[in-house]
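Participant: need a 3D model of the sequence below.
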Amino acid sequence: MQATADVTKKESSWSSWKGQAIDLLYWRNVKQSGAVFSSVLLLLFSLTQFSVVSVGAYLALAALSATISFRIYKSVLQAVQKTDEGHPFKAYLEMEIALSQDQISKYADKILLYSNTCMKELRRLFLVQDLVDSLKFAVLMWLLTYVGALFNGLTLLILAVVSMFTMPVVYEKHQAQIDQYVGLIRTQVNSVVGKIQAKIPGAKRKEE
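Facilitator: Presented below is the predicted three-dimensional model:
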């Protein structure tokens, strides 16, 4: 019974985190999404100008300045008012933040599963188990050479963050039109792939 209750609690916690992430990306709470979006962008833009060590050190100093100032302020306030409210961060200091053995095992199993799946897929593509899929992968890598020549990793990361916070909202508002255009593009791509499969010997997929 206890094990079942723990599993249910973990699933509920995961669902809660997933719901919060969706609300964040869909701007359900404008202030919260705006704060996270601007903070992440500020961090990434800082990394384009300064090293990771410098940015980390400045962030740590800013956080320490805020917490130390608040601690001194509350201590002085308690001394003046002659109250004994205790440590201002007592609730956070007593909060449990350690990962349990079950959580570590769960995340390790997920990482192992994704790693194995990725290695199998790469082996399939590089050893040309399916010619069409390998050709698609080659075209993608060829396009990425141009992307890499135009943008560095941080720029791509900035674009990814901007897309994460804008595309879901745009899709939600214009879902019908976007689905229509995506369907047309998919039809054209499938048509081209079908023609390539018909002309290249051994490119046709085996019927399951």
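
Participant: give me the low-pLDDT residue ranges for this protein?
Facilitator: 1-16, 200-208 (pLDDT under 70).

Participant: helices along that one, start to end?
Facilitator: Under the criterion DSSP state H, helices of the chain are mapped to 2-25, 30-49, 52-81, 90-93, 101-126, 131-150, 153-173, 175-199.

Participant: dump those helices into a markdown table; add mean neighbour count as well.
Facilitator: C-beta: built from backbone N, CA, C; applies to glycine. Formatted as a markdown table, the helices of the chain follow (neighbours: other CB atoms under 10 Å):
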| stretch | mean neighbour count |
| --- | --- |
| helix 2-25 | 11 |
| helix 30-49 | 13 |
| helix 52-81 | 11 |
| helix 90-93 | 9 |
| helix 101-126 | 11 |
| helix 131-150 | 12 |
| helix 153-173 | 13 |
| helix 175-199 | 11 |
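
Participant: next, the residue lying farthest from the centre of the chain: phi, psi?
Facilitator: Distance to the chain centre peaks in the chain at Lys82, reaching 47.5 Å (criterion: CA atoms, centre = their mean). Dihedral pair for Lys82: phi 50, psi 50, per degrees, to the nearest 10.

Participant: Arg28 and Met164: what is the separation?
Facilitator: To Met164, Arg28 is 15 Å away according to CB to CB, to the nearest Å.

Participant: same check, this time on Ser191
Facilitator: Counting by CB to CB, the separation of Ser191 from Met164 is 31 Å.

Participant: what's the answer for Asn190, then?
Facilitator: Separation of Asn190 from Met164 (CB to CB): 28 Å.

Participant: over to Val30?
Facilitator: Using CB to CB, one gets 16 Å for the distance from Val30 to Met164.
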